[in-house]
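In: give me a 3D structure for the following:
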Amino acid sequence: MIGQETREVERKTIAILKVLSDSQEPLGARVIARRLGDLGIDLGERAVRYHLKLMDERGLTRAAGRRNGRSITLRGIEEAKSALVGDRIGSIVGRIELLAYRTTFDPEKRNGEVPINTAIFPKEEFARALHIMKDVFSAGLCVSELVAVAGEGERLGEVIVPQGKVGLATVSSITTSGALFKAGIPVSSRFGGILQIRGYSPFRFVELIEYAGCSLDPQEIFVASKMTSVGEVARRGEGKILANFHEFLGPSRPAVETAIAKLKEAGLGGLVIMGEMSEPVCEVPVGLNKIGMILQSGLNQVAAAVEVGVEVENHAMSGLIEYRKLVSFWNL
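Out: Residues are numbered from 1 along each chain as shown. Below is the predicted model of the structure:
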């Protein structure tokens with residue numbers, strides 16, 4: 001059985017690995033300690049050096065010259081992804097809340113940062129992927145028609161595009177949560193799911209995963225498993241798309257509608273349907289005095305490409321991007 005002291009060492013190790021994995025260049029102990037502090041982890045420079053020495057011995061990190069600090073190894077990347085799963089339960093809803101809090105977009109001034117998802121394509125597949133996505137954007141099965149493209153070595157949010165790849169950033173539905181947060185409206189992000197569409201209208205959820213109880217993003221799982229038929233919905237109005245289910249207090253509905261209308265004017269949105277007080281929405285029950293709201297997923301476009309065999313590496317909730325750096329999909 002793992003002791004408390006051992007678990008604490010592992011948590012600090014994973015935190016250091018996370019800092020290193022988010023950096024494009026090697027980092028020294030002083031910089032690592034400062035970035036850990038930004039994450040609320042109090043670990044001094046000397047303690048960081050001690051942990052890095054142990055991590056070098058385990059093959060998780062490697063020295064990048066005497067003065068250039070450490071970089072993470074492939075083994076370290078895998079360790080960061082798989083370690084302490086119990087501590088990562090509920091991490092997705094925490095990530096949603098953090099990105100909503102960090103969203104600074106002002107719909108009236110049309111500036112500030114919005115949350116994004118990032119899809120990584122092989123260069124030779126990118127043109128084909130864009131062609132497939134046209135129907136999805138035309139049908140409005142997206143949060144926004146605004147996107148960003150990056151080449152190898154460039155960054156989209158927290159993701160660096162690898163060699164031989166092209167990155168496509170799509171606006172995340174967390175944009176709405178961020179706008180409501182800024183307006184002082186508490187919103188609960190409850191489920192990621194697959195929404196069945198009939199006659200171009202939302203019918204019911206056929207799959208749901210609760211954000212509070214998972215350590216992986218449900219939308220990434222659904223896309224990788226090819227459980228959607230977004231392309232069919234775009235062409236015939238029948239099939240299954242990715243969607244998110246949220247709740248908010250019923251009396252705040254007018255303020256919610258105002259905030260969503262402002263986002264729509266700025267080319268951001270993704271609202272599928274808003275229910276009535278204390279009534280189920282697409283067969284999903286809501287709490288007393290609450291209203292259910294279903295939002296499009298920002299991964300629907302990418303899901304359509306995956307459905308026909310395009311190779312994609314998805315990074316849901318991959319960070320933030322300045323609104324003014326986004327361009328219309330139709331200008332690509």
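
In: remind me, longest helix of the chain?
Out: The longest helix of the chain (DSSP state H) is helix 4-21.

In: buried residues in that one?
Out: Of the residues in helix 4-21, 12-17, 19-20 count as buried by neighbour count, 16 or more other C-beta atoms under 10 Å. Where C-beta positions appear, they are placed from N, C-alpha and C, glycine not excepted.

In: which stretches in the stretch 51-200 of the chain count as strands?
Out: Listed in chain order, the strands of the stretch 51-200 of the chain (DSSP state E, counting those that start in this stretch) span 61-63, 70-72, 113-122, 146-150, 155-156, 159-160, 165-171, 187-198.

In: off-centre distance for the fourth one?
Out: Averaging C-alpha coordinates over strand 146-150 and over its chain gives two centres that are 15 Å apart (C-alpha atoms, centre = their mean, to the nearest Å).

In: CA atoms only: put that strand into CSV for me.
Out: Extracted C-alpha coordinates of strand 146-150, given in CSV (Å, rounded to 0.1, in the frame of the first residue of the first chain):
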residue,chain,number,x,y,z
LEU,A,146,-14.1,31.5,-36.4
VAL,A,147,-10.9,29.4,-36.3
ALA,A,148,-7.2,29.7,-36.2
VAL,A,149,-4.5,27.7,-38.1
ALA,A,150,-0.9,27.1,-37.0
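
In: for the chain, which spans come out with low pLDDT?
Out: Within the chain, the ranges that satisfy pLDDT under 70 run 1-6, 24, 39, 65-68, 82-91, 215.

In: domains in it, as residue ranges please.
Out: Following automatic domain parsing, one gets these domains for the chain: 4-87, 89-332.

In: highest mean neighbour count out of the ones you listed?
Out: Highest mean neighbour count of these: domain 89-332, a mean of 19 (counted as mean count of other C-beta atoms under 10 Å).

In: nearest residue to Ile221 other than its sequence neighbours?
Out: In space, and not counting its chain neighbours, Ile221 is closest to Ile209: 7.4 Å by C-beta to C-beta, 6 or more residues apart in numbering.

In: cool, and Val308?
Out: Nearest residue to Val308 in three dimensions, chain neighbours excluded: Ile132, at 6.0 Å (C-beta to C-beta, 6+ apart).

In: same question, Thr228
Out: Excluding the flanking residues, the one nearest Thr228 by C-beta to C-beta, 6+ apart is Ala303, at 4.5 Å.

In: where does that neighbour sit: helix, strand or coil?
Out: Of the three states, Ala303 takes helix under DSSP: H, G, I helix; E, B strand; the rest coil.

In: check contacts around it.
Out: 222-223, 228, 230, 241-242, 297 (C-beta atoms under 8 Å, 6 or more residues apart in numbering).

In: same check on His315?
Out: In this structure, His315 makes contact with 117-120, 157-159, judged by C-beta under 8 Å, 6+ apart.

In: and the residues you listed, which two are the farthest apart?
Out: Within those, Ala119 and Glu158 form the most distant pair, 14.1 Å apart (C-beta to C-beta).

In: what segments of the stretch 201-332 of the chain are helices?
Out: 218-224, 230-236, 253-265, 300-307 (DSSP state H, counting those that start in this stretch).

In: quick one, which of those is nearest to Tyr101?
Out: helix 253-265 (15.5 Å).

In: which helices and strands sit right next to the closest one?
Out: helix 174-182, strand 271-274, strand 290-296 (3 or more C-beta pairs under 8 Å, 6 or more residues apart in numbering; DSSP states H and E).

In: please save the CA atoms from that helix in PDB.
Out: The C-alpha coordinates for helix 253-265 follow below in PDB (Å, rounded to 0.1, in the frame of the first residue of the first chain):
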ATOM      1  CA  ARG A 253     -32.800  33.300 -17.400                       C
ATOM      2  CA  PRO A 254     -33.200  36.900 -18.700                       C
ATOM      3  CA  ALA A 255     -29.500  37.600 -17.900                       C
ATOM      4  CA  VAL A 256     -28.400  34.400 -19.600                       C
ATOM      5  CA  GLU A 257     -30.400  35.200 -22.700                       C
ATOM      6  CA  THR A 258     -28.800  38.600 -22.900                       C
ATOM      7  CA  ALA A 259     -25.300  37.300 -22.500                       C
ATOM      8  CA  ILE A 260     -25.900  34.600 -25.200                       C
ATOM      9  CA  ALA A 261     -27.300  37.200 -27.600                       C
ATOM     10  CA  LYS A 262     -24.200  39.400 -27.200                       C
ATOM     11  CA  LEU A 263     -22.000  36.400 -27.900                       C
ATOM     12  CA  LYS A 264     -24.000  35.600 -31.000                       C
ATOM     13  CA  GLU A 265     -23.600  39.100 -32.400                       C
END
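
In: re the thing from before, I figured the residue nearest to Ile221 was touching Arg190, is that so?
Out: No: the pair Ile209 / Arg190 is not scored as a contact, 10.0 Å apart, by C-beta atoms under 8 Å.

In: ok, the residue nearest to Val308 touching Val310?
Out: Yes: between Ile132 and Val310 there is a contact under C-beta under 8 Å: 6.8 Å.

In: nearest to Leu249, of the buried residues of helix 4-21?
Out: Checking the buried residues of helix 4-21 against Leu249 by C-beta to C-beta gives Ala15 as the nearest, at 35.2 Å.
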